[in-house]
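> attaching a predicted model along with its sequence, questions to come.
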Amino acid sequence: MEGPSQKRGRLRLPITDELIEARQLYKQRCNRLQRGRGNIVAGPPTPPAACPPALLINRPCEGSAAETPRQRGHIDKKKREFAAANAKLDIGDHDQVCAYCGALVWEEEFTGRHVGPGPRAYSICCSKGKVLLPLLRPTPPELAQLFTGTRRREVKFHSNSRMYNNIFALSSFGGNIDESINNGSGPYVFRLNDHVYHSIGYLLPPDGRTPKYAQFYMYDGQEAVEHRLQFPHTGNTLDPDIVDLLLQMLNRDNVLIGIFKQVRERYHISEQILVRLRLLERRTSDGHFVNLPSGNDYEFAGLAVVQNLTNPRDILVEYKTTGLERITEIHPYFMSLQYPLLFPHGEDGYRLGIKHRQVPSSDQDNQKTVSMREFQAFRLQFRIGKGHTLLLDGRLLLQYIVAAWCCIEHSRLKWVEMHQSIICFDLYKNIVDSVSHGDTLAAEVGKRVVLPSSFTGGFRYMQQNF
C-alpha cells in the first residue's frame, strides 16, 4: 500500500476498506460518548486500535465530553448575537446582463476575471459564451392571460396547473411523487423519489376503455373535451371553458399535436391500414438556431415497417397494442411531450451532438458538445425578448426543474457506469471481497459500480470533503 501523501496541508491517506471501517467505528464511539456524556469523565474519546492517527486530526466529536462549558457558553453567545442582528442577505438587484446570451443575472453570480469596460460574461447561464441555443417563442395570449391573471378563474388555474397539464400531455409521467410534504401551510414543494421516466402508449385505447394522454388527440370537438374532464383524479377541479380554450390554442400552435392530428385524419380516411407513427431522434440542424420539428423529423408507416430497422431512440407509436414504450431522456421530444403548457409550440429539448459555439460540425470531440446540465442552465434563465412560458407557472416549473435535475443525475450515473475503467475500477475490490465474505453464488453478487470522489453526493465525495 502506498504511503501517505507528503503534500503541504492536511495529511491524506489512501482510502481502503480498513480505513473506512475504522472511521465508522470511531464515529460510533463518539456517538456513544455523546449519549452518555453525563457519566463520563471529560476527555477525548479513545480511538480504536485500527484507526490511523490521521483520522483524529482536527476532528473533535460535536457535543461530546471534550467540549467544555466555557466553549459551549461562547457558542451560545455567538448564536444569540447572530439572532439579535437579524441580518438580511442582500445580493443586489437582478440587473446584470450576460455579454453573450443576454440573460439577467445577479452581480454576485460572476466568477473569474473581467478586463475592460462593458458587460461581463457569466458561466451560470451560457458557460461564458460556449452554449448557443435558440430562444423559446413568445407565449400564446390565451396562456399568458391564465398564467399572469389575478382573477378568481386564473388563480384557480394556477392551483391546478399540474392537473391541466396532465390532461393535455402526450406522455405519462413516471416517478414516486411524495405529496405528504405539502400537508402544512407553507409554500408548495414538489418532492420526487427514485428516477423519472416518461412513457407513451398506443394511438387508440382498447375496446371499452377511456382514452389517456396522446389518445385524447384521436378525438375532436366536444368529445375531446368530455374525455379530458373524465381523466382520473380530476374530480370537479377542471373548468370546461379553460379546457376548451387550451385545446384550441394547442391545436393551433403546437407542432407535435399537429402531427397527431394528421394521424387522426389518416385513421378516418383508411381504417383498414394500421397506422404507425415514428418520431425520429436524429436532427439535421445544428441545434443553435432552430428548435421546432420539421417535416423530416417524423414519418407515418404501415405494416411494412420492420422494428429492427428503427433507431432504438426513436419513439414508435403503434396503432392499437398493449404495453407502454419508454422514452429516452435524450430524445428531443422528451420534455415537450410531457409539458405542453410549458412548451406550447412543441419546441425541441436536449439532444446529443449540439456543438459549443464556434466549434465546427466536423469536430468529433465529445468534450466540445453541450451537456444536459448546460442545456437546462441556459433554458432556465430570464432574457428580455424571448418567450417566458417556462418561467411563468410556479408549480409546473417546480416539477420541470426536479425532473430535469433527475435526468441530469441519471446521465451522470450512466456515464460512470459505462466508464468504470477510466476511474480505476480495478483498484477497488469486488468479486474477491464477495468470495471472502461467503457470497459464492454469482447471482447473489451482482455488478458493482464504483462512484468516484468527483461525483457530487457520492460516498467518496462525502468522505473527501467532510
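That came in fine, so what should we check first?
> when you work out contacts or count neighbours from here on, use the C-alpha atoms and nothing else.
Will do.
> state the phi and psi torsions of residue 193.
With angles defined as degrees, to the nearest 10, residue 193 shows backbone torsions of phi -110, psi 160.
> ok, which stretches of the stretch 1-150 of the chain are strands?
Applying DSSP state E, counting those that start in this stretch to the stretch 1-150 of the chain gives strands spanning 96-97, 104-105.
> next, the nearest residue to residue 149 once chain neighbours are set aside: secondary structure please.
The spatial neighbour of residue 149 that comes closest, neighbours along the chain excluded (Cα to Cα, 6 or more residues apart in numbering), is residue 155 at 7.3 Å. Classification of residue 155 into helix, strand or coil gives helix, according to DSSP: H, G, I helix; E, B strand; the rest coil.
> go on, the one 10 residues further on?
Secondary structure of residue 165, reduced to three states by three-state DSSP: helix.
> what residues are up against it?
In this structure, residue 165 makes contact with 339-341, judged by Cα atoms under 8 Å, 6 or more residues apart in numbering.
> residue 382 and residue 98 touch, don't they?
No: when contacts are counted by Cα atoms under 8 Å, residue 382 is not listed as touching residue 98 (10.9 Å).
> where exactly do the helices run in the stretch 251-400 of the chain?
With DSSP state H, counting those that start in this stretch applied, the stretch 251-400 of the chain shows helices at 255-269, 372-379, 389-392, 394-418, listed in chain order.
> I'd like the ones you listed as a markdown table, with mean neighbour count and mean pLDDT appended.
A markdown table is the format used below for those (neighbours: other Cα atoms under 10 Å; pLDDT from 0 to 100):
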| stretch | mean neighbour count | mean pLDDT |
| --- | --- | --- |
| helix 255-269 | 17 | 75 |
| helix 372-379 | 19 | 92 |
| helix 389-392 | 19 | 89 |
| helix 394-418 | 16 | 88 |
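> distance from the chain centre to stretch 231-244, please.
Using Cα atoms, centre = their mean, to the nearest Å, the mean C-alpha position of stretch 231-244 is found 28 Å from that of the whole chain.
> now do the end-to-end distance for it.
Across stretch 231-244, the terminal residues are separated by 15 Å (Cα to Cα, to the nearest Å).
> hmm, who's touching it?
160, 163-164, 167, 212, 225, 229.
> now stretch 115-129
96-101, 103, 109-111, 114, 132, 357, 374, 377-378, 381.
> same check, this time on stretch 99-112
With contacts defined as Cα under 8 Å, 6+ apart, stretch 99-112 is touched by 91-98, 119-126, 128-129, 132, 381-384.
> is residue 375 in contact with residue 350, as I believe?
Yes: contact between residue 375 and residue 350 holds when scored by Cα under 8 Å: they sit 6.6 Å apart.
> relative to residue 170, how far out is residue 202?
Counting by Cα to Cα, the separation of residue 202 from residue 170 is 11 Å.
> so which of the two has more stuff around it?
In this comparison of residue 202 against residue 170, neighbours counted by other Cα atoms under 10 Å, the higher total goes to residue 170 at 26 against 23.
> now do the contacts for that one.
Counting by Cα under 8 Å, 6+ apart, residue 170 makes contact with 200, 213-215, 337-338.
> please repeat the previous calculation with a cut-off of 7 Å.
Each residue near residue 170 by Cα atoms under 7 Å, 6 or more residues apart in numbering is listed here: 213-214, 337-338.
> considering those residues, which possesses the most neighbours?
If you rank those by neighbour count (other Cα under 10 Å), residue 337 sits at the top with 27 neighbours.
> ok, and the closest non-adjacent residue to that one?
For residue 337, ignoring the flanking residues on the chain, the nearest one in space by Cα to Cα, 6+ apart is residue 170 at 5.1 Å.
> can you give me the pLDDT of the closest residue in space to residue 461 that isn't next to it in sequence?
Counting by Cα to Cα, 6+ apart, residue 461 lies nearest to residue 453, which is 4.2 Å off, once chain neighbours are set aside. Reading off the per-residue confidence, residue 453 sits at a pLDDT of 81.
> so residue 453 touches residue 463, yeah?
No: counting by Cα atoms under 7 Å, residue 463 is not a contact partner of residue 453; they are 8.2 Å apart.
> let's test this: mean pLDDT of the host helix or strand of residue 463, rounded?
When elements are assigned from DSSP states H and E, residue 463 belongs to helix 459-465. Along helix 459-465, the predicted confidence averages to a pLDDT of 81.
> swap in stretch 18-34?
Throughout stretch 18-34, pLDDT has a mean value of 78.
> ok, stretch 423-433 next?
Mean per-residue pLDDT for stretch 423-433: 56.
> same deal with stretch 99-109?
In this model, stretch 99-109 has a mean pLDDT of 89.
> can you start the count at 325 instead of 1 from here on
Sounds good: first residue 325 from here, last item stretch 423-433.
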